[in-house]
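Enquirer: fold the following for me, if possible:
(one chain, ligands or ions: 1)
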Amino acid sequence: MNITAHESALIVRAKTAYQNAYAPYSNFHVGAAALTKNGNIVSGCNVENASYGLTVCAERNCIAQAVINGEQQFETLVIYTEQEKLTPPCGACRQVIVEFFQPQATIMAVNHLADKKTWTVEELLPNAFTPKDLI
Ligand SMILES: [Zn+2]
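Expert: Prediction:
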């Protein structure tokens with residue numbers, strides 16, 4: 001699949017999700033959008049809670065949204081913020097990404113300045129614990 005052809009659509013969806021972020025405590029809004037293997041785009045935003053530990057990141061909400069819709073395989077993930085420094089996924093999200101993305105899948109951070117940085121899943125979490133470790 002040509003990821004570049006979907007890139008702008010993913011960024012638009014991630015930005016739209018960003019606008020719905022619920023982040024009254026950190027004020028750190030994040031939107032994410034993922035391209036599924038079936039060619040669909042799903043999105044998510046961070047959802048914070050007064051009990052801080054219950055906060056769920058945009059990336060994990062995005063992936064959960066896809067799973068709810070019956071999709072478990074992804075081609076790429078875009079993370080949108082309005083930070084000058086591009087935002088990579090946190091450690092918890094990296095572990096969840098490993099569960100559903102191939103090691104060479106692309107994870108892309110973008111911002112309102114049109115800056116862009118990409119990593120492979122393997123670069124973000126090398127030597128990951130995966131379902132294969134349970135066998
Ligand atoms: Zn996270």
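
Enquirer: could you use CA atoms for every contact and neighbour count after this?
Expert: Will do.

Enquirer: so what's Ala32 up against?
Expert: Shown in contact with Ala32 (C-alpha atoms under 8 Å, 6 or more residues apart in numbering): 13-15, 17-18, 43-45, 58-59, 62, 77-80.

Enquirer: show me which residues of this protein sit near the ion.
Expert: If contacts are counted using C-alpha under 5 Å from the ion, the residues of the chain sitting beside the ion are Cys57, Cys90, Cys93.

Enquirer: helices - which of the residues you listed land there?
Expert: Cys93 (DSSP state H).

Enquirer: of the residues of the chain next to the ion - the most surrounded one?
Expert: With neighbours defined as other C-alpha atoms under 10 Å, the most crowded of the residues of the chain next to the ion is Cys57; it has 22 neighbours.

Enquirer: which residues touch that residue?
Expert: Per C-alpha under 8 Å, 6+ apart, neighbours of Cys57: Val30, Cys45, Asn46, Val47, Cys93.

Enquirer: list the buried residues of the strand ranked longest in the chain.
Expert: With DSSP state E applied, the strand covering the greatest number of residues in the chain is identified as strand 101-111. Residues Phe101, Gln102, Pro103, Ala105, Thr106, Ile107, Met108, Ala109, Val110, Asn111 are the ones in strand 101-111 that count as buried (16 or more other C-alpha atoms under 10 Å).

Enquirer: any idea how far that strand is from the chain center?
Expert: Computed by C-alpha atoms, centre = their mean, to the nearest Å, the chain-centroid distance of strand 101-111 equals 8 Å.

Enquirer: paired strands for that strand, with orientation please.
Expert: Strands that pair with strand 101-111, judged by DSSP bridges, come out as strand 74-81 (parallel), strand 116-120 (antiparallel).
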